[in-house]
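Visitor: Quick one, what's the 3D model for this:
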Amino acid sequence: MTPAPGDGGAGEADAEPPVAHVAAMGDARGRIAGDHVGPPGPATRGGTPCDAWRGLRPGAALTVVKLGPDGSEVTRYPGTVIVAGAPAPWLAVRATWGPKPVALDGLRFVPGDTLHEFFSPVHPFNAFAVFAPDGILRGWYANVTHPTALDPATDPPTLIWHDLYVDLVALPDGRAAVRDEDELAEAGLAVTDPWLHAAILIARDELLRLFAARLFPFHQRDREWSTAGQLDRSGRIVEPETRNAVEVPAIPREKG
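Guide: Below is the predicted model of the structure:
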């Protein structure tokens with residue numbers, strides 16, 4: 001199960017997500033490919049998904065909502081927009097780990113840890129960099145997902161990410177572990193939706209490639225947690241160097 005800062009935390013919502021939030025994800029096949037198929041949700045109405053993201057500035061508050069593979073709401077938690085070396089169209093969000101301690105394949109989440117969470121309206125994955133309170137990078141937790149949706153009509157805006165089973169744990173020493181492939185197998189997508197199943201595996205392989213090369217979103221190092229997206233004494237945004245561009249992985253198309 002993919003961890004999120006609100007998992008098991010106080011005030012976690014157990015209601016189903018608003019219908020508009022589910023509609024914002026569009027059709028599963030189109031969304032993971034970035035084609036935005038299906039009825040437009042609040043993040044896409046009047047333009048592309050990227051249009052709604054451009055008004056977000058460092059320091060802006062967000063509510064982050066995680067949906068499970070079935071579209072039901074798993075948790076929601078507060079976040080703050082930062083910079084953190086995120087190239088367009090990616091958005092970086094800072095959140096604080098609040099639930100109980102969790103250890104997953106060598107990656108520890110401890111109450112008080114800072115997470116830099118990277119979301120995209122077109123890429124089929126996200127990634128969380130986990131920093132200890134002293135700024136030491138513990139590692140990364142990445143999720144294969146539908147492209148992230150944004151509802152700018154709520155106050156604060158709501159960022160919605162829809163999990164798709166497979167996760168990657170990556171550690172600073174180069175170790176990596178793919179998680180929850182058993183859940184993907186149990187879901188039966190290889191039979192019921194082989195196109196989506198193949199797309200999930202392609203996104204998994206792309207995450208492994210990016211981590212092996214230390215390309216974004218696996219670009220941060222120790223003590224890059226405290227100043228990213230903040231203002232220096234002259235009022236300018238402190239922006240770590242964006243080291244690498246992000247490539248959109250090729251997604252197979254259904255044969256018509």
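Visitor: going forward, measure contacts and count neighbours with C-alpha atoms only.
Guide: Noted.
Visitor: Could you pull out the helices in the chain for me?
Guide: Assigned by DSSP state H, the chain shows helices spanning 19-25, 28-33, 49-53, 181-187, 189-192, 194-212.
Visitor: Next, format the ones you listed as JSON lines and append distance to Pro172.
Guide: Formatted as JSON lines, the helices of the chain follow (distance: least, CA to CA, whole Å):
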{"stretch": "helix 19-25", "distance to Pro172": "33"}
{"stretch": "helix 28-33", "distance to Pro172": "28"}
{"stretch": "helix 49-53", "distance to Pro172": "30"}
{"stretch": "helix 181-187", "distance to Pro172": "23"}
{"stretch": "helix 189-192", "distance to Pro172": "32"}
{"stretch": "helix 194-212", "distance to Pro172": "10"}
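Visitor: So for Arg108, which of those helices sits nearest?
Guide: Closest approach to Arg108 among the helices of the chain (CA to CA): helix 194-212, 18.2 Å.
Visitor: could you say what helices and strands that closest one packs with?
Guide: helix 28-33, strand 137-145, strand 158-170, helix 189-192 (3 or more CA pairs under 8 Å, 6 or more residues apart in numbering; DSSP states H and E).
Visitor: Show me which residues of that helix are buried.
Guide: Residues of helix 194-212 classed as buried: 195-197, 199-204, 206-208, 210-211 (neighbour count, 16 or more other CA atoms under 10 Å).
Visitor: ok, which pair from those residues is furthest apart?
Guide: Trp195 and Phe211 (24.7 Å).
Visitor: coming back round to it: among the helices and strands packed on helix 194-212, which gets the worst mean confidence?
Guide: Of all the helices and strands packed on helix 194-212, helix 28-33 carries the lowest average pLDDT, namely a mean of 42.
Visitor: got a list of what Pro89 touches?
Guide: Residues near Pro89 by CA atoms under 8 Å, 6 or more residues apart in numbering: 50, 120-122.
Visitor: Can I have the buried ones of these as a ChimeraX selection?
Guide: Of the contacts of Pro89, the buried ones go into a single ChimeraX selection, burial set by 16+ other CA under 10 Å:
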select :50,120,121,122
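Visitor: any idea which of the contacts of Pro89 is closest to Gly174?
Guide: For the contacts of Pro89, the nearest to Gly174 is Ser120 (24.4 Å; CA to CA).
Visitor: So for Thr48, what's the pLDDT?
Guide: Note on Thr48: pLDDT of 59.
Visitor: Could you work out the end-to-end span of stretch 68-75 for me?
Guide: This stretch, stretch 68-75, spans 9 Å end to end (CA to CA, to the nearest Å).
Visitor: Quick check: mean pLDDT of it?
Guide: 95.
Visitor: list the buried ones in that stretch?
Guide: Buried positions in stretch 68-75, judged by neighbour count with 16+ other CA under 10 Å: 68-69, 71-75.
Visitor: Mind picking the two most distant members of these?
Guide: Using CA to CA, the buried residues of stretch 68-75 reach their maximum pairwise distance at Pro69 and Thr75, which is 12.9 Å.
Visitor: Where does the prediction get shaky in this protein?
Guide: For the chain, the stretches flagged by pLDDT under 70 are 1-2, 6-49, 224-256.
Visitor: And Ala153, how far from Arg76?
Guide: Distance from Ala153 to Arg76, counting by CA to CA: 17 Å.
Visitor: The two - which one has more neighbours?
Guide: Set Ala153 next to Arg76 and count neighbours by other CA atoms under 10 Å: Arg76 wins out with 23 against 11.
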